[in-house]
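In: Fold the stuff below for me.
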Amino acid sequence: MRKKRPVLEVLGVVATLVLAAFAAVDASGSTSGATPRSKLTVMAPAAPGGGWDLASRELQQALRAGSIVNNAQVVNVPGAGGTIGLAQFAEIGPDPTQLMMTGTVMEGAITVNGSSVDLLDTTPIARLAEDYEVLVVPADSPFETLDDLLDAWRDDPHGLAIGGGGLGGTDHLLVGLTARAAGIDPAQLNYVSFAGGGEVMTALLSHTVAVGVSGYNDFRDQIEAGNLRALAVSAEEPVPGIDTPTLVEQGIDVALPNWRGVVAPPGISDAERAELISIVTEMTETPEWADALSRHRWVDSLLTGDEFTTFIREDQARVDAIIEELGL
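Out: All right, here's what the predicted structure looks like:
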């Protein structure tokens, strides 16, 4: 009997370890009881200070102020027009406490960078709002109007340096579309890409580039201070609060919204998706979100669920066609 006792002790230890391992696996496979209402993390797939970061933090503030989510956080994963963040996000697994901000810029980056993951590999939740691009020049530029710019651009397409965001992004697409609509060969563009609107503004003020393109909010302070002059906005119709004519109003049939929205990881359940849609919809009804729309001159364009999925599919195809047509 004395020989059997150590064996029984060993078996007891093994059983304890097995039970502990099962408990550990069960704990690691859960979100510790977290729900989207108790904890929500929003990935901004860009560096702090950019458009996606701004939209993510306004979303976070509205969720908190409206007591919609107890603990809302924002994390930044910059790089490659958002496709680095997208690749990481697609690997998270079916976690309903995670969202990622996205938009038009990412669609262009997906194609230009040859990303193996696209937005349909996530779970679309909601399109939130549309922002618009603006073409600006330094205050001392000889281009007083859009027509002045287009005349000089037609005379020497490659000689006019135009600064904007990453290749294939909204800025680049707008420059190519505007050139084509003005009778300029997009292949002749002298487009200089920068990491973001802040760098574009620096290049403008130092006269490294003659023209800059970015979201209106990236240039707003310098426009209002009189250091930059806005020549045109990429909206289809005049935007309240922006005292700059659209391209369409000035005879250039180009309108390019920069939409922003949120997606969830792939594989979440229908019920979890419905809950996230409800959370985001409630957020858009708060006075804090209404204030954000007004302050940033964003246009409300809420679209949720399957309708948003259809929109992404069609908009990605539209962006891909533009990139192909312009040879970008």
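In: Would you map the strands across the stretch 201-328 of the chain?
Out: Applying DSSP state E, counting those that start in this stretch to the stretch 201-328 of the chain gives strands spanning 211-215, 228-233, 257-264, 299-304.
In: and if you look at the stretch 51-200 of the chain?
Out: Per DSSP E, counting those that start in this stretch, the stretch 51-200 of the chain carries strands over the ranges 72-76, 98-103, 123-138, 161-164, 190-193.
In: Quick check: Ile92 touching Val263?
Out: No: Ile92 sits out of contact with Val263 when judged by CB atoms under 8 Å, with a separation of 11.2 Å. Glycine gets a C-beta too; all of them are placed from N, C-alpha and C.
In: I'd say Ser234 and Leu247 touch.
Out: Yes: under the contact definition of CB under 8 Å, Ser234 touches Leu247, with a separation of 6.2 Å.
In: Of those two, which one has the most company?
Out: It is Ser234, of Ser234 and Leu247, that has more neighbours when counted by other CB atoms under 10 Å, with 28 against 25.
In: who are the neighbours in contact with the more buried one?
Out: Taking CB atoms under 8 Å, 6 or more residues apart in numbering as the contact definition, Ser234 lies against 132-134, 174, 246-247, 254-258.
In: how many other residues sit next to Ile252?
Out: 20.
In: Check Pro157 too.
Out: If you count neighbours by other CB under 10 Å, Pro157 ends up with 17.
In: Not counting sequence-adjacent ones, nearest residue to Glu237?
Out: Spatial nearest neighbour of Glu237, chain neighbours left out: Thr246 (6.9 Å); criterion: CB to CB, 6 or more residues apart in numbering.
In: Let me fix that, I meant to ask about Thr286.
Out: Once flanking residues are discounted, Thr286 sits nearest to Gly66: 4.1 Å by CB to CB, 6+ apart.
In: For that neighbour, which residues are in contact?
Out: Contact analysis of Gly66 by CB under 8 Å, 6+ apart lists 282-283, 286, 288.
In: Return the distance of it relative to Asp270.
Out: 25 Å (CB to CB, to the nearest Å).
In: if we can go back for a sec, looking at the strands of the stretch 51-200 of the chain, which is buried most?
Out: Mean neighbours per residue, mean count of other CB atoms under 10 Å, is largest over the strands of the stretch 51-200 of the chain for strand 98-103, with a mean of 27.
In: Return the angle between stretch directions for that strand and strand 257-264.
Out: Relative orientation of strand 98-103 with respect to strand 257-264: 170 degrees, computed using axes from the mean of the first three to the mean of the last three CA atoms, to 10 degrees.
In: List the strands paired with strand 98-103, with their directions.
Out: According to DSSP bridges, the neighbouring strands of strand 98-103, each with its direction, are strand 40-44 (parallel), strand 257-264 (antiparallel).
In: what's the average pLDDT for the shortest one?
Out: Same thing as strand 40-44. Strand 40-44 carries an average pLDDT of 98.
In: Kindly format the C-alpha coordinates of that strand as CSV.
Out: Taking Å, rounded to 0.1, in the frame of the first residue of the first chain, the C-alpha atoms of strand 40-44 are listed here in CSV:
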residue,chain,number,x,y,z
LEU,A,40,-15.5,49.3,-25.9
THR,A,41,-12.1,49.8,-27.6
VAL,A,42,-12.0,51.9,-30.8
MET,A,43,-8.9,51.5,-33.0
ALA,A,44,-7.9,54.6,-34.9
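In: hmm, back to that, indicate which one of the strands of the stretch 51-200 of the chain is closest to Ala210.
Out: strand 161-164 (5.5 Å; CB to CB).
In: mean confidence for that closest one?
Out: For strand 161-164, mean pLDDT rounds to 95.
In: try stretch 313-328
Out: Averaged across stretch 313-328, the pLDDT comes to 92.
In: residues of stretch 207-218 that come out buried?
Out: Of the residues in stretch 207-218, those buried under the neighbour-count criterion (16 or more other CB atoms under 10 Å) are 209-218.
In: Next: stretch 307-314.
Out: The neighbour-count check on stretch 307-314 (16+ other CB under 10 Å) flags 308-309, 311-312 as buried.
In: Tell me the pLDDT of the residue lying closest to Pro240 once chain neighbours are set aside.
Out: On the basis of CB to CB, 6+ apart, the spatially nearest residue to Pro240 that is not a chain neighbour turns out to be Arg297, at 7.3 Å. Arg297 carries a pLDDT score of 90 in this model.
In: OK, contacts around Pro266?
Out: Shown in contact with Pro266 (CB under 8 Å, 6+ apart): 90, 94, 121-123.
In: Val209 reaches Ala203, doesn't it?
Out: Yes: A contact is recorded between Val209 and Ala203 when judged using CB under 8 Å, the distance being 4.7 Å.
In: Need the residues touching each of these two.
Out: 163, 192.
In: Give me the distance between Glu272 and Gly168.
Out: Note on Glu272: its distance to Gly168, by CB to CB, is 32 Å.
In: can you map out the helices along the protein?
Out: Under the criterion DSSP state H, the chain contains helices at 4-28, 51-65, 83-90, 104-112, 146-155, 170-181, 197-205, 216-224, 270-284, 287-296, 305-326.
In: helices or strands up against the shortest one?
Out: In this case it means helix 83-90. Contact here means 3 or more CB pairs under 8 Å, 6 or more residues apart in numbering; DSSP states H and E; on that basis helix 83-90 packs against strand 40-44, strand 98-103, helix 104-112.
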